[in-house]
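**Q** next come a sequence and a model predicted from it.
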Number of protein chains: 2
Amino acid sequence: MGNTNPSRSGTTGDLGTVSNDDPWSLLPVGPRRQLAQAAASEFGKRGYHATTTRDIAECVGMSPAGMYVHYASKADLLFTIARVGHQSAFDAMHLSIEGISAPKERVRSMVRAFTRWHAMHHVLARVLQYELRALEPAHYKVIAAIRRKTEQFAADELRQLVPDESRIAMCTIAVLSLGIDTARWYSIGKSPSPEELGECYADLVLRMLRR
Amino acid sequence: MGNTNPSRSGTTGDLGTVSNDDPWSLLPVGPRRQLAQAAASEFGKRGYHATTTRDIAECVGMSPAGMYVHYASKADLLFTIARVGHQSAFDAMHLSIEGISAPKERVRSMVRAFTRWHAMHHVLARVLQYELRALEPAHYKVIAAIRRKTEQFAADELRQLVPDESRIAMCTIAVLSLGIDTARWYSIGKSPSPEELGECYADLVLRMLRR
């Protein structure tokens, strides 16, 4: 059944584990978490390059100097946000198929969870995707590894439904793309609920994969 | 057959018409086109907010003052880029189905053209999507109208294949989302050619829409 029990510790370093729907629970309660949440919101509004450490520190009533006690730099904040977000999206997908054995139901559950995650956390998810190129090279390597792990995980599940190996790569791109792009257009109040959307996309994907 | 002959003049104002694969051909040859191309590239690299008019002017060997002869402001440049890009993507979709009567082949051609456009023009397309919220309110209204026209056009075509009206809205979102998100992950050299990708996504979408 493919890579169904990947180590969570490898790339996450000092991150905790997600026990609920809140990606930020990967960080300890306190100023590190508060600053990361504030930075994600500010980067989401203005973009990484146009946001200053002062903007972020002010959100939590800190001086820029106070912020440097918790994060070495703005780049370090972006890296933390990227790790939290990518790991949390992977965990959501991974946890969703636990205990399910029918390949079709595993794919349904995986698509539902991945889509739901991107709808629920669309502000964070936008920062993850749009600011990927703003990461420093060493940081990018770590994030790229989580992205590859996510792609591998999805491909391994899709492989159980798509016998034609030459189609797996494109199907994996399409399935993840549908989920990720939710973050771009999702709007609270106007869009279907994350649950409805997850259900609907899972249905569309299963149709797409039928022989 | 739905909205197959929409007016092109309504929202395009002073824009020309696309006669080839180059969105910039909507602008007259000369400094207005050069500045818009340079701005799209700079906004793509750093984001709209972090790019100065000096950065843009320097790309084409102009002073910021020289630039203001052609564009009233940085906001005006973003608006021009957004109009050119959105109109060009719509035109590509619209032109692709001309002379085709079978609904299935129209959808195939539409998905292929829309996906191909976003792969070919992925740098421009990223600016269109990621900087939408940076548009001034009056500018945003004009762009939102082109986006609604695009959605309406796609929905009208999908309606011919999907008899269940309650599914049209989500299918339209999914089909456009697949095409648009291509711009996020597309990488020259690493990704399939725009033509291959268009073909492959058209096939996936037709499977997705089967009864």
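**A** Nice, thanks for sending it over. Numbers count the residues shown, from 1 in each chain, chains lettered A, B, ... in the order given.

**Q** so which bits of chain A are right by chain B?
**A** Counting by CB under 8 Å from any CB of the partner chain, the residues of chain A close to chain B are A:46-50, A:129-130, A:170-171, A:173-174, A:177-178, A:180-182, A:184-185, A:192, A:200-201, A:204-205, A:207-210. Every residue, glycine included, has its C-beta placed from N, CA and C.

**Q** of these, buried ones?
**A** Buried positions within those, assessed by neighbour count (16 or more other CB atoms under 10 Å in any protein chain shown), are A:46-50, A:129-130, A:170-171, A:173-174, A:177-178, A:180-182, A:184-185, A:200-201, A:204-205, A:208-209.

**Q** among these, which ones are in helices?
**A** A:46, A:129-130, A:170-171, A:173-174, A:177-178, A:180-182, A:184-185, A:200-201, A:204-205, A:208-209 (DSSP state H).

**Q** please save the CA atoms from the helix or strand of chain A with the lowest mean pLDDT in PDB.
**A** Every helix and strand of chain A was ranked by mean pLDDT, DSSP states H and E. The lowest is helix A:64-67, at a mean of 92. Taking C-alpha atoms only, helix A:64-67 is exported to PDB below (Å, rounded to 0.1, in the frame of the first residue of the first chain):
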ATOM      1  CA  PRO A  64      11.600  44.300  16.700                       C
ATOM      2  CA  ALA A  65      14.400  43.600  19.200                       C
ATOM      3  CA  GLY A  66      12.100  41.500  21.300                       C
ATOM      4  CA  MET A  67      11.200  39.500  18.300                       C
END
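
**Q** packing partners of that helix?
**A** For helix A:64-67, the elements it packs on are helix A:53-59, judged by 3 or more CB pairs under 8 Å, 6 or more residues apart in numbering or on different chains; DSSP states H and E.

**Q** please enumerate the helices of chain A.
**A** Under DSSP H, chain A gives helices at A:31-46, A:53-59, A:64-67, A:74-96, A:103-120, A:122-130, A:137-159, A:165-185, A:194-209.

**Q** got the angle for the first one vs helix A:122-130?
**A** With axes from the mean of the first three to the mean of the last three CA atoms, to 10 degrees defining the directions, helix A:31-46 sits at 80 degrees from helix A:122-130.

**Q** buried set for helix A:31-46?
**A** Buried, per 16+ other CB under 10 Å, within helix A:31-46: A:32-44, A:46.

**Q** just stretch A:79-96 next, same as before
**A** Neighbour-count burial for stretch A:79-96 [16+ other CB under 10 Å]: A:79-94, A:96.

**Q** same thing with stretch A:105-114?
**A** Buried residues in stretch A:105-114 (16+ other CB under 10 Å): A:106-114.

**Q** for B:Glu196, which of the helices of chain A is the nearest?
**A** With CB to CB as the criterion, B:Glu196 lies closest to helix A:165-185 of the helices of chain A, at 9.1 Å.

**Q** what helices or strands is that closest one leaning on?
**A** Using 3+ CB pairs under 8 Å, 6+ apart, helix A:165-185 sits against helix A:103-120, helix A:122-130, helix A:137-159, helix A:194-209, helix B:165-185, helix B:194-209.

**Q** tell me the gap between the third one and the middle of its chain.
**A** Yep, that's helix A:137-159 we're talking about. 11 Å (CA atoms, centre = their mean, to the nearest Å).

**Q** same question for stretch A:166-182.
**A** Using CA atoms, centre = their mean, the offset of stretch A:166-182 from its chain centre is 15 Å.

**Q** report the rounded mean pLDDT for that stretch.
**A** Taken as a whole, stretch A:166-182 has a mean pLDDT of 96.

**Q** hmm, who's touching it?
**A** For stretch A:166-182, the external contacting residues (CB atoms under 8 Å, 6 or more residues apart in numbering or on different chains) are A:111, A:114-115, A:117-119, A:122, A:125, A:129, A:150-151, A:154-155, A:158-159, A:162, A:197, A:201, A:204-205, A:208-209, B:174, B:177-178, B:180-182, B:184-185, B:192, B:200-201, B:204.

**Q** likewise for stretch A:122-129?
**A** A:23, A:40-41, A:43-44, A:48, A:78, A:81-82, A:84-86, A:89, A:117-118, A:180, A:182-184, A:186, B:184.

**Q** report the buried residues of it.
**A** Neighbour count says stretch A:122-129 has A:122, A:124-129 buried, by 16+ other CB under 10 Å.
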